[in-house]
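>>> got a predicted model here, sequence first, then my questions.
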Amino acid sequence: MRIVHVDLGSKSYDIEIERGLLSHVGGKIKTLLPKAEKIAIITDSHVGPLYASLLQASLEKEAVAVTVLTFPAGEESKNLQTLGYLYDGLAEAGLTRSDAVVALGGGVTGDMGGLAAATFLRGIAFVQIPTSLLATVDSSVGGKVAIDLPSGKNLVGAFYQPKAVFIDPDLLKTLPARYLHDGLAEVIKYGCIIDKELFMRLEKIQNDAELLAHADEIIETCCNIKARIVEHDEFDTGERMLLNFGHTLGHAVEKTFRFDKYSHGEGVGIGMVLLTRRSEKLGLTESGTADRIAALLQRFRLPAAVDMQQEDFLQAIALDKKKRGSRLTLILLKKIGESFLQRVEFSELTQYLP
Ligand SMILES: NC(=O)c1ccc[n+]([C@@H]2O[C@H](COP(=O)([O-])OP(=O)(O)OC[C@H]3O[C@@H](n4cnc5c(N)ncnc54)[C@H](O)[C@@H]3O)[C@@H](O)[C@H]2O)c1
Ligand SMILES: O=C(O)C(=O)C[C@@H](O)[C@H](O)[C@H](O)COP(=O)(O)O
Ligand SMILES: [Zn+2]
């Protein structure tokens, strides 16, 4: 078993990575939360039918009463209406402050289940069991929980750390290829911002089977990177913004296409390439960097361009969470493995846009 510890004082937790973990995770959750008599499993309509009953049985073996709340899979569900459905479900199940939520699914489930847990009864414990590559390497760690509004990504949310993250890489075997690649975009992001060696390891991977074979070590590497950054800057005031590389333009792509054409990772991939092309032109990034990122994305059938106008970007970026007054923080690369924060006046932003 691989363990990554996230050191956040009284909010510290472990990320456990082990194949086969789902079948006996109930005992671990009970040890962690001995007072929890009721647990709500929040999951989506793809993951629930595959894995919820195994998790439910494992929890019931510990004499926990389990309710399963399932919502329609997809980013289009990450909204106020679904959140309302979850609140109603938690209330009907009679969860109290000593009970808990377990988010079983991809990043949509973790973000929305986490927000439900952060706010129901003003906060009950929650545990992440991520099932997509993206959720194992990124969204289940660090405590950002949120839903989207029609006006933008993750515009309603909180910082709310899980009590633990349990990762069973065997679950990735059922993940559709599109979402394996989608998660890979965030892995490429870590390589770009901080870990050239990781980026070069990815450049050597030829296909999905090889990617899956390396999943455990890739997940551990990414969780370690994210854990260290979050420990330094839990509330996203400085260093943590580096994790947002590619997201300013990526979120704009997701929003412009109403959250149903491009997945999050696809948007981030496009955002990384487009911004890096511009920063190369401005002499801020080593030349050839954008092409190198694009080549890696394209090997895994990820898009590296989009049909969008500058006006669409500007409109979507107006609500970016890295904006303070008239200034926005962009994340740029010096070269692969080295990133920095660039504060720009909103009026100068067009220089950085395609
Ligand atoms: N909180 C954070 O720090 C953070 C970080 C990155 C991304 N995110 C958010 O995460 C979301 C994207 O996450 P995602 O890509 O996991 O999307 P997702 O949750 O929609 O999952 C992608 C698809 O894969 C399916 N799926 C997941 N696991 C599966 C499995 N093991 N077998 C079969 N199907 C499976 C899901 O049902 C869904 O259809 C976005 O909303 C993004 O904003 C949050
Ligand atoms: O954890 C972070 O911090 C990140 O920025 C990770 C991102 O991959 C993730 O998509 C996050 O949800 C984006 O946060 P937001 O603050 O831009 O909504
Ligand atoms: Zn992301």
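Structure's in. What do you need? Ligands and ions are numbered 1, 2, ... in the order given.
>>> checking whichever residue of the stretch 251-354 of the chain sits closest to ligand 2 next. Helix, strand or coil?
Across the stretch 251-354 of the chain, no residue is closer to ligand 2 than Lys321, which sits at 4.6 Å (CB to the nearest ligand atom). Heads up, the C-betas are built off the backbone N, CA and C, glycines and all. Secondary structure for Lys321, judged by DSSP: H, G, I helix; E, B strand; the rest coil, is coil.
>>> hmm, it is touching Phe159, no?
No: counting by CB atoms under 8 Å, no contact exists between Lys321 and Phe159, whose distance comes to 11.7 Å.
>>> give me the more crowded residue out of those two.
Lys321 (20 against 16; other CB atoms under 10 Å).
>>> give me every residue that touches the more buried one.
154-155, 236 (CB atoms under 8 Å, 6 or more residues apart in numbering).
>>> now Phe199
Phe199 neighbours (CB under 8 Å, 6+ apart): 188, 191-192, 296, 336-337.
>>> mind running it again at 10 Å?
Taking CB atoms under 10 Å, 6 or more residues apart in numbering, we find Phe199 in contact with 187-193, 292-293, 296, 336-337.
>>> ligand 2 contacts on the stretch 101-250 of the chain?
Contacts of the stretch 101-250 of the chain with ligand 2, taken as CB under 6 Å from any ligand atom, map to 138, 142, 144, 153-154, 186, 236, 240, 243-244, 247.
>>> can you narrow those to ones near ligand 1?
Applying CB under 6 Å from any ligand atom, the subset of these adjacent to ligand 1 comprises 138, 142, 144, 154, 186.
>>> for those residues, give me JSON lines that also has secondary structure and neighbour count.
As requested, these are exported to JSON lines (DSSP: H, G, I helix; E, B strand; the rest coil; neighbours: other CB atoms under 10 Å):
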{"residue": "Asp138", "secondary structure": "helix", "neighbour count": "29"}
{"residue": "Gly142", "secondary structure": "coil", "neighbour count": "23"}
{"residue": "Lys144", "secondary structure": "strand", "neighbour count": "24"}
{"residue": "Asn154", "secondary structure": "strand", "neighbour count": "19"}
{"residue": "Glu186", "secondary structure": "helix", "neighbour count": "26"}
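>>> now do the residue of the stretch 251-354 of the chain closest to ligand 2 against Ser140, distance only.
20 Å (CB to CB, to the nearest Å).
>>> and Ala93, by the same measure?
23 Å.
>>> one step back: anything in contact with each of Lys321 and Phe159?
Contact criterion CB under 10 Å, 6+ apart; residues shared by Lys321 and Phe159: 144, 146, 236.
>>> for those, which one is nearest ligand 2?
Out of the shared contacts of Lys321 and Phe159, the member with the shortest distance to ligand 2 (by CB to the nearest ligand atom) is Lys144, at 4.8 Å.
>>> so who does the residue of the stretch 51-200 of the chain found nearest ligand 2 touch?
Going by CB to the nearest ligand atom, ligand 2 is nearest to Asn154 of the stretch 51-200 of the chain, at 3.3 Å. Under the criterion of CB under 10 Å, 6+ apart, the neighbours of Asn154 are 78, 111, 115, 144-148, 247, 251, 254, 264, 321.
>>> got those residues as TSV, with secondary structure columns?
Shown next, in TSV, are the contacts of Asn154 (three-state DSSP):
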residue	secondary structure
Lys78	coil
Asp111	helix
Leu115	helix
Lys144	strand
Val145	strand
Ala146	strand
Ile147	strand
Asp148	strand
His247	helix
His251	helix
Glu254	helix
His264	helix
Lys321	coil
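>>> by neighbours, which of those residues wins?
Top of these by neighbour count (other CB under 10 Å): His264, with 29 neighbours.
>>> that one against Arg178, yeah?
No: the criterion here is CB atoms under 10 Å, and His264 misses it with Arg178 at 11.7 Å.
>>> Glu16 sits in which helix or strand?
Take DSSP states H and E as the rule and Glu16 turns out to sit in strand 13-17.
>>> any residue of that strand up close to ligand 2?
No: Strand 13-17 does not reach ligand 2 (CB under 6 Å from any ligand atom); its nearest approach is 13.8 Å.
>>> I'd like to check what contacts that strand. Which residues are they?
By CB under 10 Å, 6+ apart, the residues outside strand 13-17 that reach it are 1-7, 25, 28, 32, 127-128, 130, 136, 140-141, 143, 161-169, 215-217, 219-220, 223-224, 226-227.
>>> can you rerun that using 8 Å?
1-6, 28, 136, 140-141, 161-167, 169, 216, 219-220, 223, 227.
>>> list only buried entries from the residues you listed.
Among these, the ones that count as buried by 16 or more other CB atoms under 10 Å are 4, 6, 28, 136, 140-141, 161-167, 169, 216, 219-220, 223, 227.
>>> who's in contact with the nearest residue to Asp44 once chain neighbours are set aside?
In space, and not counting its chain neighbours, Asp44 is closest to Ala73: 4.0 Å by CB to CB, 6 or more residues apart in numbering. Shown in contact with Ala73 (CB under 8 Å, 6+ apart): 44-47, 108.
>>> out of the residues you listed, grab the one that's most surrounded.
Most surrounded of these: other CB under 10 Å gives Val108, at 27 neighbours.
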